[in-house]
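Student: 3D model of this:
(chains A and B)
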Number of protein chains: 2
Amino acid sequence: MKPNERSLAEGILYTDMYQITMAHLYYRLGLHEKRAQFDHFFRSYPDYGAHQAGYCINAGLEWLLDWMEQARFGEPEIDFLRQQTGQTGARLFSEDFLQWLRKDGHFGGLTLRAIPEGRVVHPNVPLTAVQGPLAMAQILETPLLNMLNYPTLIATRAARISQAGRGQLLLEFGMRRGQERGVNAGARAALIGGADFTSNVGVSDVLGYPPKGTHAHSMVQLFMALGEGELEAFRAYADIYPDDCLLLVDTINTLESGLPNAIQVFTELRRKGHKPVGIRLDSGDLAYLAAQAAKMLNDAGFPDVSIVLSNQLDEMTILQILAQIREEAHRVGLDRDHLIRRLVYGVGTNLITSAGDAALDGVYKLVAVQDDQNDWIPAIKISENPVKTPNPGHKNVWRLYDERGLATADLLTLDDEDPRQMEPLRLHHPVDANVRRVLPQASITAVEPLLATVWQEGRRPEAPSLEAIREQRRADLARLDTGVRRLINPHVYHVSLSPQLWQLKQALIAEFKA
Amino acid sequence: MKPNERSLAEGILYTDMYQITMAHLYYRLGLHEKRAQFDHFFRSYPDYGAHQAGYCINAGLEWLLDWMEQARFGEPEIDFLRQQTGQTGARLFSEDFLQWLRKDGHFGGLTLRAIPEGRVVHPNVPLTAVQGPLAMAQILETPLLNMLNYPTLIATRAARISQAGRGQLLLEFGMRRGQERGVNAGARAALIGGADFTSNVGVSDVLGYPPKGTHAHSMVQLFMALGEGELEAFRAYADIYPDDCLLLVDTINTLESGLPNAIQVFTELRRKGHKPVGIRLDSGDLAYLAAQAAKMLNDAGFPDVSIVLSNQLDEMTILQILAQIREEAHRVGLDRDHLIRRLVYGVGTNLITSAGDAALDGVYKLVAVQDDQNDWIPAIKISENPVKTPNPGHKNVWRLYDERGLATADLLTLDDEDPRQMEPLRLHHPVDANVRRVLPQASITAVEPLLATVWQEGRRPEAPSLEAIREQRRADLARLDTGVRRLINPHVYHVSLSPQLWQLKQALIAEFKA
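Tutor: As a prediction, this is how the structure comes out:
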């Protein structure tokens, strides 16, 4: 794509055709400025196979709002729509609609409440509630889902991988295997969710993070083709980066060539007063090689040098590597905890693509609309699968914390309800009428509203820094029950409805079916 | 991201940090302008589980070259690199290197030969051969892989889904679930591989295709919330789009509400002289509902109205739907072939994310470098897994066609070899010394070189149109053995080495191991 094409492809036409087809219909019926509310939520946690997630990390909001600030219909966009014709060759969109789009086709009339980035989130909880003129709220559906689904998917995966690695340094390396330009949003989401750095230089620049990376096999190969060897390649690297020397040791043979050569170069560096940084293992049995490498490095007097592991890692392979190390470290005379604490993880494909479940099933559903008297009418869509019937009306979301200070449930209420005033709290299962929890207020240590206004008719509060978002994620994860946080077969976290919301939903379903 | 940030994040810093770290090392050693060749290829077909692909469709090249034209180091990029510091706080990159990047840090010195977009391609065949100054060829690695891996993955999936649907109209609907900005490249790749249209408006504009889409459940919901019903919603749609009326019939109940209402509206349209276009089914048992819908539409005198199927489709669900229709159509008195020919497929998540295998394992390997006498030296990287040892040196790629005019093998040769001069042709298995094929020239009806120069020191031949690329894909698929094209357990297509290339590879492996 040429730069001028990019501005077209990523501007306000960055949406699905049917949003514009519907907006046109609303315009022609005089409904386009009727106020409506759409809720954005996901229906189920990512499910990678044996290990479905038990929580998600919310991400993507800031870049969505950046996009919304810029997106508007200029002449090139209007021209393209003007060219669209139907089966008979007649124009699809009326000129008055196009002129309305040209003038009012922006997101300045909308208000968004959202759960902030970095927060732990759960299925069927509104993550974003969009209110405003129907036509523009409809056009926003696709870009909103596009810019929030994927980052939340990746932030979630990064949190899990970081958790598997017990919080050791985690590097995002996935640019080459990710989905074209989406890797920038993926890298940011990975940093929100649990990665500490990314190899992606451009996005690091934008985010104010230093990008990370040392050298590839090709550097060693080049020296070999030129008649030298791995040792000369390592020496060259150490000469140029004496205080940042991290060497990839598996180009030829990890234990017989790479490690002895790295240790020789490290020894030379130390003699000159420099401190070597580490080695990277990118193939083979990483648990075995990490232990052998640790032993060789210890024996040579480098017990603090990092061991970076890469090559198709994800949370399950990391769990497996650590289990193997715990079992076998003592056999080679190593302190297993010391070894685990020197590990660093470089994770590429499986993180940036969320391998195993490459999409979050986020949706955007009409939940209320104003009638001609400007009264809000709750809207519902009945599904044959009850779990897919969305919760109607204007809602608030509250997180309840138990005596331990841990999150025990997310409660959806109508927006004039306050769970702090309910005694006892009755929590309805969203679908099953027979499942309820009753919590006395005394058992609740905190009730936290989760939605905040992030866009009011085009105005935005200052966005939190990426560091603050990361800190929020750490705090939320620490307040999650360990059973919910578990990587395999997690406990199901409760997302409940207040009695009033439950009754409204049941009444609408009954009315609908009648 | 703000617009100014986007130009930073997607400019020449759109690469992995280690590419720049290595380029700096090459600069400091005076190797940065040494000519090198890197081959780009993938190692294995996408494997979605039960049904590994037997071919891929090459895609992505044109947008990569567009990016290469624009990418250069300006002051903001140099500033960012200047700020990068190592462990001791000292600058990571020397100022002379940065000034060299500022001046010569672009891709104008490179030459790329590549297999054109839309062609059927196979593992271990160079899809792109990059030749030129080492430092810039190294920096290109990540963006090249990023911009070619994902499109090839998606074009391949689109070809398979189109094939499962027997070439019926295929619509790409995945924008909301795809990977943020990557969906534009994904939509283009889907069009290359087999989709006929996309719902993505912006990218359709850029590609000169009409975007496709009608309405969502939310339109029907809106009418219901406002006290009207599905019938009124359909009527409103038919009023505004009388010649383009395609109705989504599953908001309430497909057979009891949606279809009767659609048929009523279609009847009204017909009375006014318009031809209704179709219905869309987005939930439930699509095979069963398609048959029932066809019957109801036939009975009402609409035997030509399309039936669009959507909802988590991929090639396997489409195969299953068609199998079920073939088995059951006659039971409801339908001509199965007629029903199958009126189906249209809308495919979203599974296409845009390549669900089941969300990444293509494309790599970029140093295969040759010039020595001080400007002689080319082949380079190799030995892997413990022989399949992962790349083929060294400058190569050509030829496709051999058999007596039936079908592709029978791709042959890699050294670049001064011409298989048209070899009698007989000896094809070596790339790894197993004991597997060879001998083909007399008389059994070969055509020998086609696959690589073309697509970038010569910044100059590009005119790119083929998207229609020409799609036509190329159709032609290549038609010349593929049906066993190779099969969706489940395909035959393995032969990728072979010439005797000279085989010998070079063996000699380098032996030398390396000595």
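
Student: following the stretch of helix or strand A:Ile192 belongs to, which helix or strand shows up next?
Tutor: Per DSSP states H and E: A:Ile192 is located in helix A:182-193. Of the helices and strands lying after helix A:182-193 in sequence (DSSP H and E), the nearest is strand A:197-198.

Student: And the strands in the stretch 201-350 of chain A?
Tutor: Assigned by DSSP state E, counting those that start in this stretch, the strands in the stretch 201-350 of chain A fall at A:246-248, A:278-281, A:306-309, A:343-347.

Student: out of these, which comes closest to chain B?
Tutor: Chain B sits nearest to strand A:246-248 of all these, at 9.0 Å, using Cβ to the nearest Cβ. (Each C-beta comes from the backbone N, C-alpha and C, glycine too.)

Student: Adjacent strands (with direction) for the closest one?
Tutor: In the sheet, strand A:246-248 lines up against strand A:278-281 (parallel) (DSSP bridges).

Student: Could you pull up the residues touching A:Ile78?
Tutor: Contacts for A:Ile78 (Cβ atoms under 8 Å, 6 or more residues apart in numbering or on different chains) come out as A:98, A:101-102.

Student: Show me those residues that map onto helices.
Tutor: Judged by DSSP state H, helices contain the following of those: A:98, A:101-102.

Student: Just the buried residues out of those residues, in ChimeraX syntax.
Tutor: Applied in ChimeraX, the following selects the buried portion of the ones in helices among the contacts of A:Ile78 according to 16 or more other Cβ atoms under 10 Å in any protein chain shown:
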select /A:98,101
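
Student: now the strands of the stretch 201-350 of chain A in CSV, with mean pLDDT?
Tutor: Below are those laid out as CSV (pLDDT from 0 to 100):
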stretch, mean pLDDT
strand A:246-248, 98
strand A:278-281, 98
strand A:306-309, 98
strand A:343-347, 98
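
Student: Could I get the full set of helices for the stretch 1-150 of chain A?
Tutor: Taking DSSP state H, counting those that start in this stretch to define them, one finds helices in the stretch 1-150 of chain A at A:3-9, A:17-28, A:61-70, A:75-83, A:95-104, A:134-139, A:141-164.

Student: what number of residues lie near the closest residue to A:Arg280 other than its chain neighbours?
Tutor: Leaving aside its sequence neighbours, A:Arg280 sits nearest to A:Val308 (Cβ to Cβ, 6 or more residues apart in numbering or on different chains; 4.0 Å). A:Val308 is flanked by 23 other residues according to other Cβ atoms under 10 Å in any protein chain shown.

Student: What distance do you get for A:Val308 to A:Ile161?
Tutor: 14 Å (Cβ to Cβ, to the nearest Å).

Student: do A:Phe41 as well
Tutor: 24 Å.

Student: near chain B, which residues of the stretch 301-450 of chain A show up?
Tutor: A:349, A:353-355, A:358-362, A:365-366, A:368-369, A:371, A:377-384 (Cβ under 8 Å from any Cβ of the partner chain).

Student: let's see it at 10 Å
Tutor: A:312, A:348-350, A:352-372, A:376-385, A:388, A:390, A:392 (Cβ under 10 Å from any Cβ of the partner chain).

Student: follow-up on the earlier one: pretty sure the residue nearest to A:Arg280 is touching A:Leu289, no?
Tutor: No - in this structure, A:Val308 is not within contact of A:Leu289 by Cβ atoms under 10 Å, at 11.7 Å.
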